[in-house]
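> My questions concern the predicted model and sequence given below.
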Amino acid sequence: MLEIKDLHVTAGDKEILKGINLTVNDGEIHAIMGPNGNGKSTLLQTIMGHPSYTVTKGEILYNGEDVLKMSVDERSRKGIFLAMQYPKEIAGVTNSDFLRAAINSRLEKNISLFKFIKEIDKNIAKLKMKEDLAHRFVNDGFSGGEKKRNEILQMMMLHPSLGMLDEIDSGLDVDAIKLVSDAILDLKNESNLGLMIVSHYERFFTMIQPTHSHVIVDGKIVVEGDSELVYKIDTDGYDWLYNELKIQPVKESRPLVYSLGTCARNTRG
């Protein structure tokens, strides 16, 4: 479904990703781990088309199509979804208007109002969100946990084929993490959704049970495995990995802007 081949990405004059190779198939759950500032969020945002990142080498293919030639909205309509680490507030746009417009952009015939209301009410109840959510402005005045659950609500309504979740569990209490993980697994089981999940918390991965695990250090995948790798990282940290591979972690450096605009630029000759 998703093929990443020798992906190199820069932000300004700094190279962040230095040759990522990764394949995600239908129904697989890929845990993306590593110290902060080493390229995890950059990978997800590059796939989605964040304008701050420039692809200098490599390919991203989705069902055989060149993702780097697509605009952000094209990537979304193809079935790629990103739950953002820092969801933006959109004052003046209600959740219902936002979601109906997004759903209708994917359909030949607009979704009926009755069907839309039935589905959004069902998913709001499943996530135990406030009943007036559909009429509130997108993330405006939301708590951190509400914003994260709202990202999952969007994924549930849009039914993507690839879901990328960037620290979706941060800011959630234990009960909310259980609600979110159950909703994610239900969606995966219903539609054979492929998932790429960035998280630092073994508890969340215990609920999700990844089929594949990858550790990114200094812009490269340095070790891969299954769910057992998650448990080893949680128990022993990353020091054993640094010592074994004789590598040094990169100090955290996060970009300040997380809004999506035009697609990631491809500067390959």
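That came in fine, so what should we check first? Residues are numbered from 1 along each chain as shown.
> mind listing the helices for the stretch 1-150 of the chain?
Per DSSP state H, counting those that start in this stretch, the stretch 1-150 of the chain carries helices over the ranges 40-48, 72-77, 95-104, 113-126, 144-158.
> So what angle separates the directions of the longest one and helix 95-104?
For helix 144-158 against helix 95-104, the angle by axes from the mean of the first three to the mean of the last three Cα atoms, to 10 degrees is 30 degrees.
> list the helices and strands helix 144-158 packs on?
strand 80-83, helix 95-104, helix 113-126, helix 174-191 (3 or more Cβ pairs under 8 Å, 6 or more residues apart in numbering; DSSP states H and E). Every C-beta, even on glycine, is put in place using the N, C-alpha and C of the backbone.
> re the thing from before, got the helices of the stretch 1-150 of the chain as TSV, with mean pLDDT, mean neighbour count and distance to residue 190 columns?
Below are these laid out as TSV (pLDDT from 0 to 100; neighbours: other Cβ atoms under 10 Å; distance: least, Cβ to Cβ, whole Å):
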stretch	mean pLDDT	mean neighbour count	distance to residue 190
helix 40-48	96	25	23
helix 72-77	95	18	20
helix 95-104	96	17	16
helix 113-126	96	14	12
helix 144-158	95	21	10
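> still on that earlier bit, switch the helices and strands packed on helix 144-158 over to a markdown table; also include distance to residue 20.
Conversion of the helices and strands packed on helix 144-158 to a markdown table gives the following (distance: least, Cβ to Cβ, whole Å):
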| stretch | distance to residue 20 |
| --- | --- |
| strand 80-83 | 16 |
| helix 95-104 | 28 |
| helix 113-126 | 33 |
| helix 174-191 | 23 |
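> Out of the ones you listed, which is closest to residue 162?
Of all the helices and strands packed on helix 144-158, it is strand 80-83 that lies closest to residue 162, at 5.0 Å by Cβ to Cβ.
> Give me the pLDDT for residue 245.
With respect to pLDDT, residue 245 scores 82.
> can you pull the contacts of the closest residue to it other than its chain neighbours?
Leaving out its chain neighbours, the residue that sits closest to residue 245 by Cβ to Cβ, 6 or more residues apart in numbering is residue 222, at 5.8 Å. Contact analysis of residue 222 by Cβ atoms under 8 Å, 6 or more residues apart in numbering lists 215, 216, 241, 245, 247.
> any idea whether residue 222 is helix, strand or coil?
Of the three states, residue 222 takes strand under DSSP: H, G, I helix; E, B strand; the rest coil.
> Could you measure from it over to residue 38?
Per Cβ to Cβ, to the nearest Å, residue 222 is found 10 Å from residue 38.
> residues shared between the contacts of these two?
By Cβ under 8 Å, 6+ apart, the residues touching both residue 222 and residue 38 are residue 216.
> burial of residue 30, as a residue count?
Close neighbours of residue 30, defined as other Cβ atoms under 10 Å, add up to 21.
> repeat for the one 5 residues further on
Residues near residue 35, counting by other Cβ under 10 Å, number 20.
> Next one, pLDDT for it please.
Reading off the model, residue 35 has pLDDT 87.
> shouldn't it be in contact with residue 238?
Yes: when contacts are counted by Cβ atoms under 8 Å, residue 35 is listed as touching residue 238 (6.1 Å).
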